[in-house]
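Enquirer: sequence isn't available, so here's the structure alone:
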């Protein structure tokens, strides 16, 4: 378990507090009840968040993003080399960047199962927020003009090595004249997954396995409906329910899956801690049996 208390809005609050809140909610104990060998590596360095948008890259808190990416990359390399299954707890969804790059450094080609309510492929200069959380999948597929100290930390991913499950922001992208990834990668919306999420996930990871690629699982909790998970910063209509997410996760975490990121839970929007407990239960069930690493 690796904490990554990073908020791409350039603050130390909100989603940055998720790793601490999930620990407080008993995540480590719940995982160890199923897998006594689980260990907590603590939190990685996320640098100094700054709520200023870089004039060149147009990203908020770019230096913090670079520090976070580098430290997660190192932690994941160390974990994978030891034969562990790293669970990276965000924080914001750009923690995926360092995690995927670390897995690629350790294992070579690593594909991606991207579970998210958004495509997250806005060009940084087009993002209305400046948050890297708008952009991380786009940066993996086609790096933007970024400073070398960040670019050299980023993973790269051929479009045929990613499947996106659950995006439902097509109308927003259309209205903003931002190209969708639907013609570039394998992508299934929430409507295509609801009530039958396991089968397309199994098909996707089966395709990766036949091609000899291990894969990383990324779960952004805003893939869930607002009724199922209200403690997220950017709610949308539609979305999956917990049973859909559990089905996707169970289908994805099988031999060939080498690690997981979990992101976007905002404890500030969970005053009674109920959502933290729900996340803990979900993770304990999902990770009861993780694939053995070579």
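Expert: Nice, I can see it. The shown structure was predicted, so the numbers you read here are calculated from the model rather than taken from an experiment.
Enquirer: alpha carbons only for contacts and neighbour counts from here, please
Expert: Will do.
Enquirer: nearest residue to the middle of this structure?
Expert: The centroid of the chain falls nearest to residue 218 when counting by Cα atoms, centre = their mean (3.8 Å).
Enquirer: wouldn't that one be in contact with residue 100 here?
Expert: No - with the criterion set as Cα atoms under 8 Å, residue 218 and residue 100 do not qualify as a contacting pair; they are 9.2 Å apart.
Enquirer: where exactly do the helices run in the chain?
Expert: Assigned helices in the chain, in chain order: 18-24, 27-34, 62-81, 95-107, 136-141, 148-151, 170-175, 190-193, 198-210, 242-252, 274-286 (criterion: DSSP state H).
Enquirer: hmm, who's touching the first one?
Expert: Okay, so that is helix 18-24. With Cα atoms under 8 Å, 6 or more residues apart in numbering as the contact definition, helix 18-24 has outside contacts at 3-5, 89-91, 264-267, 276-277, 279-280.
Enquirer: same thing but 10 Å
Expert: Contacts of helix 18-24 with the rest of the structure, by Cα atoms under 10 Å, 6 or more residues apart in numbering, involve 1-7, 15, 25, 27-30, 40, 42-43, 88-92, 262-268, 273, 275-277, 279-280.
Enquirer: pull out the buried positions in that helix.
Expert: If you call a residue buried by 16 or more other Cα atoms under 10 Å, then helix 18-24 has these buried ones: 18-23.
Enquirer: the third one too?
Expert: Neighbour-count burial for helix 62-81 flags 62-80 (criterion: 16+ other Cα under 10 Å).
Enquirer: setting the sequence-adjacent residues aside, check what's closest to residue 181.
Expert: Counting by Cα to Cα, 6 or more residues apart in numbering, the nearest residue to residue 181 once its immediate chain neighbours are dropped is residue 119, at 7.2 Å.
Enquirer: do the same with residue 130
Expert: Ranked by Cα to Cα, 6+ apart and with sequence neighbours excluded, the top spatial neighbour of residue 130 is residue 59, at 4.8 Å.
Enquirer: and that neighbour, what does it touch?
Expert: Listed by Cα under 10 Å, 6+ apart, the contact set of residue 59 reads 8-10, 51-53, 65, 123-125, 127, 129-135, 146.
Enquirer: on that earlier part again, give me the number of residues near the residue nearest to residue 181?
Expert: By other Cα atoms under 10 Å, 25 other residues sit near residue 119.
Enquirer: ok, it to residue 90 distance?
Expert: According to Cα to Cα, to the nearest Å, residue 119 and residue 90 sit 18 Å apart.
Enquirer: also residue 11?
Expert: In this view, residue 11 and residue 90 are 14 Å apart by Cα to Cα.
Enquirer: same check, this time on residue 166
Expert: Taking Cα to Cα as the measure, residue 166 falls 19 Å from residue 90.
Enquirer: what mean pLDDT does stretch 34-43 get?
Expert: The average pLDDT within stretch 34-43 is 94.
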